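>>> Predicted coordinates and the sequence they were generated for:
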Amino acid sequence: MHRPMFWISAVLPVLVALTMLAGQSRQTAPRPRVHNVILIGWDGAQREHVRECLKRGELPNLAKLASEGRLVAIDILRTTDTKAGWTQILTGYEPEKTGVFSNGRYQPIPKGYTLFERLEQHFGADNIATVAVIGKKGNVDADPPAKVLAAPIEQRARAGRAQAQQRLRQGTIITENGVRYLVEPGKPFYNARQGMDVFINGLIRDDAVGTKALEMLERYRDKRFFFFIHFAEVDHQGHQYGENSKEYNDALISGDRWLGRIVQKLKELGLYDNTLIYVTADHGFDEGMKTHADAPYVFLATNDKGIVRRGTRADIAPTILERFGIDLKRIQPPLDGHPLTKPYNPPIW
Ligand SMILES: [Zn+2]
């Protein structure tokens, strides 16, 4: 009487385990389309200047990357500055949904909207490393909301200091026990940072950013990862010396050299073949100027062969999410951008 029961209870689990193993190996045999993504930012890299550098052979690593995939134009439809730019690139949303319109008009991006958070949620926090290594101190930042004494800032604003004036416009004045305070909103990546593995900003120099990025690749080599590596020198040199300066040009070359070292590192770690790299910019530069008030022309260079068209800043996040296998239709609120891996013909009216 007991023998069949014994047979089932002893052998069935073994059979089930064997079946699961076989199923698993069958599932993992064809490699997932993408395992890792690295998004590299060249803050303030103007498309036309990048094109000239490529023609002169000054960006060999960007040229190599693009030769393995694509180089396409990115046209910016909204404010051509840093906060607006990286927010749009890292969320896929227009500013109406993120509240980040420009360097002077922003709030923390609502919780869950960034690539970092969506990937952590999709894969589970233990199954993916999300890392941001950032050259800028301001504008790609994650500081919490703060309450500061209003008087010194108001004094600076009256003296004509633009930054102080901007802070007053952006914040709210409150009075507590007769003392006036300025309450400033949290910075755009304040919410996103909570769930991320690494968020380091303010490294300023390309060498500091690049060195830290290589260190992080070593640290997370055994995990699936998404990296945002942000180089600030192009923008900084542009503001200081102008878009047509040697310094601006040299900064692009510096970005290219670091792209080469990142690729080299991935190859050493045996990760290059399952890592997609995207290089892009948040805004261009006003031709020959030290400003980027109206600088909507940038680019996307990638080893992703699947890119089929040019696009906008908001198209980059959906492209990356789709590459990670995330069903874009299920994302709430609906993304404003569209993946660059598919034709997109918006109605003309
Ligand atoms: Zn700038």
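Happy to help now that I have it. The structure displayed is predicted, hence computed values, not measured ones.

>>> for the record, mean pLDDT for stretch 40-54?
Taken as a whole, stretch 40-54 has a mean pLDDT of 98.

>>> how long is that stretch end to end?
Terminal residues of stretch 40-54 are spaced 17 Å apart (CA to CA, to the nearest Å).

>>> and if you look at stretch 144-154?
21 Å.

>>> do stretch 197-207 as well
22 Å.

>>> try stretch 77-84
Start-to-end, stretch 77-84 (CA to CA) is 11 Å.

>>> change the start of the numbering to 56 and stick with it
Got it, the first residue is 56 from now on, which makes the last one we talked about stretch 132-139.

>>> so for it, what's the average pLDDT?
In the prediction, stretch 132-139 has an average pLDDT of 96.

>>> Next, the buried residues of it.
R133, T134, T135, D136, T137, K138, A139 (16 or more other CB atoms under 10 Å). For the C-beta atoms, the positions are set from N, CA and C on the backbone; glycine is no exception.

>>> and the residue nearest to A187 when sequence neighbours are not counted, what does it touch?
Nearest residue to A187, sequence neighbours excluded (CB to CB, 6 or more residues apart in numbering): F283, at 4.4 Å. By CB atoms under 8 Å, 6 or more residues apart in numbering, the contact set of F283 is L94, G96, L145, L170, F171, V186, A187, V188, I189.

>>> Let me know the closest of the buried residues of stretch 132-139 to L109.
Minimum distance to L109 across the buried residues of stretch 132-139 is 21.5 Å, recorded for T135 (CB to CB).

>>> burial of E113, as a residue count?
16 (other CB atoms under 10 Å).

>>> Apologies, that question was intended for I259.
With other CB under 10 Å as criterion, I259 counts 15.

>>> what's the answer for the one 5 residues further on, then?
A count of nearby residues for V264, using other CB under 10 Å, gives 26.

>>> Mind listing the strands the helix or strand the residue nearest to A187 falls within pairs with, and their directions?
Element membership for F283, per DSSP states H and E: strand 279-286. For strand 279-286, the paired strands and their directions (DSSP bridges) read strand 91-97 (parallel), strand 183-189 (parallel).

>>> Show me the contact partners of whatever helix or strand comes next after that strand.
Of the helices and strands lying after strand 279-286 in sequence (DSSP H and E), the nearest is helix 288-296. Contact with helix 288-296 is made by 97-100, 137, 190-191, 259-261, 300, 302-303, 305-307, 309-310, 336, 340, 345-347, as judged by CB under 8 Å, 6+ apart.

>>> Now for the residue nearest to F171 when sequence neighbours are not counted, how many residues are close by?
Spatial nearest neighbour of F171, excluding adjacent residues (CB to CB, 6+ apart): T185 at 4.2 Å. For T185, the count of nearby residues is 26 (other CB under 10 Å).
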